[in-house]
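**Q** Show me how the following folds:
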Amino acid sequence: MTRPPKGSAAPPPGTGAPVLPALPPQPRPLPPQRSGGTPAGPPPAEPRRTAFAEGVDRLRAAAVTEPGRLRIIGALLAALVVAFGAVTAWQMNARSQAADDVLTRSQPLTSDAADIYRSLADANTAASSGFLAGGQETKASRDRYEKGIRTAAEGLVTAAANSDADSPSAATITELNRLLPEYKGLIERARTYNRQGFPVGGAYLRYANEKMQKDMLPAAEDLHKKENQRLRADYADARPYPWAALTLGVLALAALAWAQHRNYRRTNRVLNHGLVAATATATIVMLWLVVGHSVARSNLGDSYDHGVRSLDVLHDARIASLKARGNENLTLVARGAETKKVGDETFDAYDFDFGKNMDTLGKGLAEAERLADDEAGERPVAAADGNMAEWKKRHASAREQDESGNYQQALDLVIGGKGATVECFDGVDTSLAAAIEHEEREFEQAAGDGLDAMGYLPQGAGVLAGLGAAGALLGIGRRLSEYR
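**A** Predicted coordinates:
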């Protein structure tokens, strides 16, 4: 029996196949080397996918099946309806708040600022009238002066309470509060010296008038302009169309119509109750938005055109009449001491300003009559115009007497009883006060109607949008139930 060579494995029993010699152990492969001989680490792991990318993949997977597509459509419809309601509520709430500011804050403050100006001018006029009466100053003249000062002071308190501490209006109010006691002190000195018969009283009165005309009235006019700017800003916030809400409303209605048409083509069912309910609520909000805002915008426009503009003109006309009366009185107080040269001619300064004031008054009355939109508004303006015409005639007669050296006759024609210019001035002032009261009622009515037209619209839009979104989801859910 032949033995296998030494070092070789014996073949398995029952086989005659030769046995190969065992291979020597192989060396392990070396890891890849970086430059410089440093072994490289394990290969980098693939970057982790973001939640957004995974969500997109799930949407793509869902979009290939009808239930998945229905879920996406339902979510989009609900989001559009909710967005429409939320933006409508937001925009109309802002406009409603601005309209409320117009009615209850901005316009009343603008009128208060105009009253401050008018009260100061009225006090100045009453002071000059009382000075002309000398020691026989009437109680009515004194009371009118005190009322003007008191009204101006109360108006400044109200304006200060409604203005920010660092606003330009606050600085103007502070300046007027500083000047008012100084003016009162000058008037009291003028009265004291006038009662004692000292001519220096006239100098104090002219100095007080100069402070009023050059410092106080310009500051009051500046305050009125600032309040007017705030009023116009509130109008600008209340009247613009809510374009964002209107655009979302159109998109929501178009999407709901498309969803119902798609449902009809796939199921042959004419109506889906949930989608119909969503469409109905969105349509109600859309119509409420369009009609409500259009009515509010129209009424706010009327309140500005036939209220605020008329009030501005009437306030200016009344102030012009007060200035004219003050200059007429000061013409007799100064007795030619103040002159003004225009070209080659020299005029009495106060009489020259009186003429300018009357021109302003005439233009203001003409504009107020044009803006008046009913007989109740035209009647007091026409009465003021008639008194102004008579005032000019009587003033011309008083000037003739004064220039002829008849000072007492001129004085009687200015501050006397029947037939004096004071009657005409009082007639103009009373008529303009009635016209202002009428226009304030017109403004409040129109602005109030504009505010009421937007009433409950923000709240209603939010509630209806929530119901519409629920209807859209229920309508789509009804279709999904058919696949279970």
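**Q** in the protein, which helix or strand is least confident?
**A** Using mean pLDDT, DSSP states H and E, helix 51-63 stands out as the lowest-scoring helix or strand of the chain, at a mean of 66.
**Q** Check which element follows that one along the chain.
**A** helix 66-101 (DSSP states H and E).
**Q** Which neighbouring elements make contact with that next one?
**A** Helices and strands touching helix 66-101, by 3 or more Cβ pairs under 8 Å, 6 or more residues apart in numbering; DSSP states H and E, are helix 51-63, helix 217-238, helix 243-267, helix 273-303, helix 421-453, helix 457-480. (Glycine included, C-beta is placed from N, CA and C.)
**Q** Tell me which residues of it come out buried.
**A** 68, 70-71, 73-74, 77-78, 80-93, 95-101 (16 or more other Cβ atoms under 10 Å).
**Q** what angle do the following helix or strand past it and helix 273-303 make?
**A** Later in the chain than helix 66-101, the nearest helix or strand by DSSP H and E is helix 107-133. Put simply, helix 107-133 runs at 10 degrees to helix 273-303, going by axes from the mean of the first three to the mean of the last three Cα atoms, to 10 degrees.
**Q** what's the offset of helix 107-133 from the middle of its chain?
**A** 28 Å (Cα atoms, centre = their mean, to the nearest Å).
**Q** Now do it: which elements does it pack against?
**A** Right, helix 107-133 is packed against helix 139-161, helix 168-195, helix 200-211, helix 217-238, helix 309-334, helix 407-415, helix 421-453 by 3+ Cβ pairs under 8 Å, 6+ apart.
**Q** tilt between the last one and helix 309-334?
**A** So the one you mean is helix 421-453. 160 degrees.
**Q** In three-state terms, label Gly419 for me.
**A** Of the three states, Gly419 takes coil under DSSP: H, G, I helix; E, B strand; the rest coil.
**Q** So what does it look like in phi/psi?
**A** Main-chain dihedrals, Gly419, degrees, to the nearest 10: phi 90, psi 0.
**Q** can you tell me how far it sits from Gln409?
**A** Per Cβ to Cβ, to the nearest Å, Gly419 is found 11 Å from Gln409.
**Q** Neighbour count for those two, which is higher?
**A** The neighbour count for Gly419 versus Gln409, taken as other Cβ atoms under 10 Å, is higher for Gln409 (16 against 13).
**Q** so what's that one up against?
**A** Gln401 (Cβ atoms under 8 Å, 6 or more residues apart in numbering).
**Q** Contacts only, for Ile428.
**A** If you look again at residue 428, you'll see it is Val, not Ile. Val428 neighbours (Cβ under 8 Å, 6+ apart): Ser321, Leu361, Ala384, Asn387, Met388, Trp391.
**Q** coming back round to it: return the most buried member of the helices and strands packed on helix 107-133.
**A** helix 309-334 (a mean of 25; mean count of other Cβ atoms under 10 Å).
**Q** what sits up against the following helix or strand past that one?
**A** Moving toward the C-terminus from helix 309-334, the next helix or strand (DSSP H and E) is strand 339-342. Strand 339-342 is contacted from outside by Thr346, Phe347, Asp348, Ala349, Phe352, using Cβ under 8 Å, 6+ apart.
**Q** Show me which residues of the host helix or strand of Val381 are buried.
**A** Here Val381 sits within helix 375-403, counting by DSSP H and E. In terms of neighbour count (16+ other Cβ under 10 Å), helix 375-403 has its buried residues at 377-378, 380-385, 387-388, 391-392, 394-395, 398-399, 401-402.
**Q** Select from the contacts of strand 339-342 the one having the most neighbours.
**A** Asp348 (21 neighbours).
**Q** Let me see the contact set for it.
**A** Thr331, Ala334, Gly336, Glu338, Thr339, Lys340.
**Q** Closest one of the residues you listed to Leu275?
**A** Lys340 (80.5 Å; Cβ to Cβ).
**Q** Can you tell me the closest non-neighbouring residue to the closest one?
**A** Ala349 (4.3 Å; Cβ to Cβ, 6 or more residues apart in numbering).
**Q** Thank you, goodbye.
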